[in-house]
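**Q** Here is a sequence with its predicted model. Questions after.
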Amino acid sequence: MPKTAPSSAPERLDRIFREALTSFQQGQIARAQVSFEEVLRIQPKNRDALIVLGVIAGQTKNPQKALALFDKAIEIDPTSAAAFNNRGLALRQLGQLDAALASFDRAITLKGDFAEAHFRRGLVLKLLGKPDAALASYDRAIALKPDFAIAYSNRGVVLRDLSQLDAALASLERAIALKAEYAEPYYNRGLVLQDLDQRDAAMASYDRAIALDADFAEAHFSRGGLLNELQRPDAALASYDRAIALKKDCAEAHLGRGNVFKNLNQLDAALASYDHAIAIKPDYAEAYYNRALLLLSRGDFARGWADYEWRWKSKNLSAFKGKRDFGQPLWSGRKSIAGKTILLHGEQGLGDTLQFCRYARLVADLGARVILEVPEPLVNLLAGLAGPSQIVARGSPLPSFDCHCPLLSLPLAFNTDLHSIPRATRYLAADAKKVALWQARLGEKVKPRVGLAWSGRAENANDHNRSVLLADLMRHLPDQYQYVSLQKDVRERDRIALESNKSIMHIAANFSDTAAVCECLDLVLSVDTSIAHLSAALGKRTWILLPLISADWRWLLERDDSPWYPSVKLYRQSTEGDWGGVFARVGGDLNEAL
């Protein structure tokens, strides 16, 4: 019987390589690794074996080893686009984003139609905060590979970042059409639908993502956030718990749990969840911020003000995206400012500026010259405020100054606690000439006058909790008063009630005129909006209507008075969403006040 001829070395190498590649493609990673390492023992400069072993190292969370293998492959073949492409992925895993981008660019230079490299380049550009460039890379990848489902999905994410929600939705729908069993675009579509306030459709999209991938922690987390918005706290907690079970270091889910517990008034549990989120992610600005709001609402100012400083470090807190980067240093209360010029600047809404401009006098008392920058509508009103040497409208050129401080950082600078709040009965005054003019316009006073403000800005995230319907409010108010509408902007839903009610005089004035009108009133009745702060800062008797859920931290908890304003009385909902009970108490107290 004839003997079988032994395989030649090249044939043996080719067989081992093909077997290794088959194992890799079938997901038999350990077996593939052993075989490719055997290939390298036979042929140490096998570029393709080095590349695949680098891919395996990356998949097994060893990017440093992967990078070394790709570098060796490039040393053997500097024209290998695949090696540069995969090298870019390893660098991205290592957080070396600029180097990763350069590696993807090199891959594209070597192979201009390399769709995968264009796609991965887009991923890095997004991480570098360059969404427009990322979008261009995704578009190029799709042009080269029209059925590139994951590129459409990631393109949708970038379009959402750019606030192009309809285009984002279309891109995600295309990804789903191309690869219906792919969970990620359903998840991303849910985020976009939630942004579009299509909550039922968003929930269905999250549910579909979870049906396709039951271990999709981010989908469980986002579903929990939506359930919390829909005021389904038990279901929200269950979703957050599932996310945490799948991903124990999911700080976002712990933050979400904290927000649910806060809404349920389970404040110790909320605080524990925020603490847990911060323990996992020590630089988690949103968790510090939410913990600050809870601490401040409990009157724990010592810890609350410190946490509140994290508001500037968040990329997601829309109210704080306008951080001012001055060349002059931030004043934190530690250094003497005697003889210095300091810029105090309003950072948030009109009400916040009205509440915290009171600190200008304290700063001036330290021997500083105070420049106060405020929103333009407040410039005339604050002209007589004690403390500032100069009032500047936001957006106007600033005079020279030595240091600066945002208004809401001043309580921290002065170590403000519940007993040291600057609490003057009034610290603002309307222009006397305007007061006289409005007294004449209002006419002879035949009844006590009550000012009304029943809604804030519709854009406010908490508007659905704090604003009320004028018609619902008026049904509970006694006829023995003359009512004056202080609403500058009246929504269509309230217009008929306002125009048909002869007991209400409507004015549409700027802030300085509104202040003059307030001086002509006996009482101001307002929801939690800037009018309430204006009236209280003027020292007017002010009644403020507060929701049970998401009442602002500055009104503290379970109090009917305010340490910030001696003239304020608070009326809180006793049941979530029940304004009727609040209106009835207000009406009864107005009857007794006659």
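**A** Done, it's in.

**Q** wait, residue 452 sits on residue 485?
**A** Yes - between residue 452 and residue 485 there is a contact under CB atoms under 8 Å: 5.5 Å. Placement of C-beta: from N, CA and C, glycine included.

**Q** what is in contact with the two at once?
**A** Counting by CB atoms under 8 Å, 6 or more residues apart in numbering, the shared contacts of residue 452 and residue 485 are residue 504.

**Q** In a strand, residue 452, correct?
**A** Yes - assessed with DSSP: H, G, I helix; E, B strand; the rest coil, residue 452 lies in a strand.

**Q** follow-up on the earlier one: more neighbours: residue 452 and residue 485, which one.
**A** residue 452 (25 against 20; other CB atoms under 10 Å).

**Q** Contact partners for that one?
**A** Applying CB under 8 Å, 6+ apart to residue 452 gives the contacts 470, 473, 483, 484, 485, 486, 487, 504, 524, 525, 526.

**Q** okay, those residues in TSV with distance to residue 265, secondary structure and pLDDT next?
**A** Listed next are the contacts of residue 452 as TSV, based on distance: CB to CB, whole Å; DSSP: H, G, I helix; E, B strand; the rest coil; pLDDT from 0 to 100:
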residue	distance to residue 265	secondary structure	pLDDT
470	29	helix	94
473	25	helix	95
483	33	strand	95
484	35	strand	96
485	33	strand	95
486	31	coil	95
487	31	coil	92
504	35	strand	92
524	28	strand	97
525	26	strand	97
526	24	strand	97
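
**Q** Could you point out the longest helix of this structure?
**A** helix 9-25 (DSSP state H).

**Q** Off-centre distance for that helix?
**A** On the basis of CA atoms, centre = their mean, to the nearest Å, helix 9-25 sits 52 Å off its chain's mean C-alpha point.

**Q** So what touches it?
**A** Counting by CB under 8 Å, 6+ apart, 7, 29, 31-32, 35-36, 38-39, 42-43, 46, 48-49, 52, 56 sit against helix 9-25.

**Q** which of the residues you listed count as buried?
**A** With burial judged by 16 or more other CB atoms under 10 Å, the buried subset of the contacts of helix 9-25 is 32, 35, 36, 38, 39, 46, 48, 49, 52, 56.

**Q** got the contact list for the first one?
**A** If I follow you right, that is residue 32. Residues near residue 32 by CB under 8 Å, 6+ apart: 20, 21, 23, 24, 52, 56.

**Q** And for the last one?
**A** By CB under 8 Å, 6+ apart, the residues touching residue 56 are 24, 29, 32, 33, 36.

**Q** From residue 46, how far out is the fourth one?
**A** For residue 33, the distance to residue 46 under the criterion CB to CB, to the nearest Å works out to 14 Å.

**Q** low-confidence ranges in this structure?
**A** By pLDDT under 70, the low-scoring segments of the chain are 1-9, 20, 36, 315-322, 594.

**Q** what ranges do the strands span in it?
**A** In the chain, strands defined by DSSP state E lie at 341-345, 369-374, 388-393, 403-406, 449-453, 482-485, 504-506, 523-527, 542-546, 568-572, listed in chain order.

**Q** what residues does the shortest one touch?
**A** When you say that, I think you mean strand 504-506. With CB under 8 Å, 6+ apart as the contact definition, strand 504-506 has outside contacts at 442, 452, 474, 482, 483, 484, 485, 487, 490, 498.

**Q** Recalculate using a threshold of 10 Å.
**A** 441-443, 449-452, 470, 474, 477, 482-487, 490, 495, 497-499, 517 (CB atoms under 10 Å, 6 or more residues apart in numbering).

**Q** try the last one
**A** Strand 568-572 has contacts (CB under 10 Å, 6+ apart) with 523-526, 528, 532-533, 535-536, 540-548, 551, 555-562, 579, 581-583, 585-586, 589.

**Q** mind running it again at 7 Å?
**A** Outside of strand 568-572, the residues within contact range by CB atoms under 7 Å, 6 or more residues apart in numbering are 536, 542-546, 548, 551, 555, 559-562, 582, 585-586.

**Q** any idea what sits nearest residue 296, other than its immediate chain neighbours?
**A** The shortest distance from residue 296 to any non-neighbouring residue, by CB to CB, 6 or more residues apart in numbering, is to residue 304 (3.8 Å).

**Q** Look at the closest residue to residue 411 other than its chain neighbours and say how many residues are nearby.
**A** Leaving out its chain neighbours, the residue that sits closest to residue 411 by CB to CB, 6+ apart is residue 305, at 5.3 Å. Number of residues near residue 305 (other CB under 10 Å) recorded here: 22.

**Q** Go ahead and confirm residue 305 touches residue 414.
**A** No - here residue 305 lies out of contact with residue 414, judged by CB atoms under 7 Å, at a distance of 9.4 Å.

**Q** how does this structure divide up, domain by domain?
**A** The record's domain split for the chain, according to automatic domain parsing, is 341-413, 432-593.

**Q** Could you dump those domains into CSV and include distance to residue 215?
**A** Compiled in CSV, the domains of the chain are given as follows (distance: least, CB to CB, whole Å):
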stretch, distance to residue 215
domain 341-413, 40
domain 432-593, 31
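
**Q** ok, and which of the ones you listed has the densest surroundings?
**A** domain 341-413 (a mean of 19; mean count of other CB atoms under 10 Å).

**Q** ok, back up a step: among the contacts of residue 32, which two are most distant?
**A** 21 and 56 (11.8 Å; CB to CB).

**Q** For stretch 447-458, measure first residue to last.
**A** End-to-end span of stretch 447-458 (CA to CA, to the nearest Å): 32 Å.

**Q** ugh, wrong one, I meant stretch 498-513
**A** Stretch 498-513 has an end-to-end distance of 20 Å (CA to CA).

**Q** cool, and stretch 414-428?
**A** Across its full length, stretch 414-428 reaches 21 Å between end residues, using CA to CA.

**Q** Wait, residue 144 touches residue 111, no?
**A** No - judged on CB under 7 Å, residue 144 makes no contact with residue 111 at a distance of 10.4 Å.

**Q** Serialize the strands of the chain to a markdown table and add fields for distance to residue 432.
**A** As requested, the strands of the chain are exported to a markdown table (distance: least, CB to CB, whole Å):
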| stretch | distance to residue 432 |
| --- | --- |
| strand 341-345 | 26 |
| strand 369-374 | 21 |
| strand 388-393 | 18 |
| strand 403-406 | 31 |
| strand 449-453 | 19 |
| strand 482-485 | 19 |
| strand 504-506 | 22 |
| strand 523-527 | 19 |
| strand 542-546 | 21 |
| strand 568-572 | 24 |
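
**Q** Now do the same contact list for residue 481.
**A** So residue 481 contacts 447, 448, 449, 450, 590 (CB under 7 Å, 6+ apart).

**Q** What of residue 575?
**A** For residue 575, the contacting residues are 548, 581, by CB under 7 Å, 6+ apart.

**Q** ok, residue 167 - contacts?
**A** residue 159.

**Q** again, only using 10 Å
**A** Here residue 167 is in contact with 135, 155, 156, 158, 159, 160, 192 (CB under 10 Å, 6+ apart).

**Q** Go through these and flag which are in helices.
**A** 135, 155, 156, 158, 159, 160, 192.

**Q** Could you find the closest non-adjacent residue to the fifth one?
**A** Distances taken as CB to CB, 6+ apart place residue 168 nearest to residue 159, at 3.6 Å, with adjacent residues excluded.
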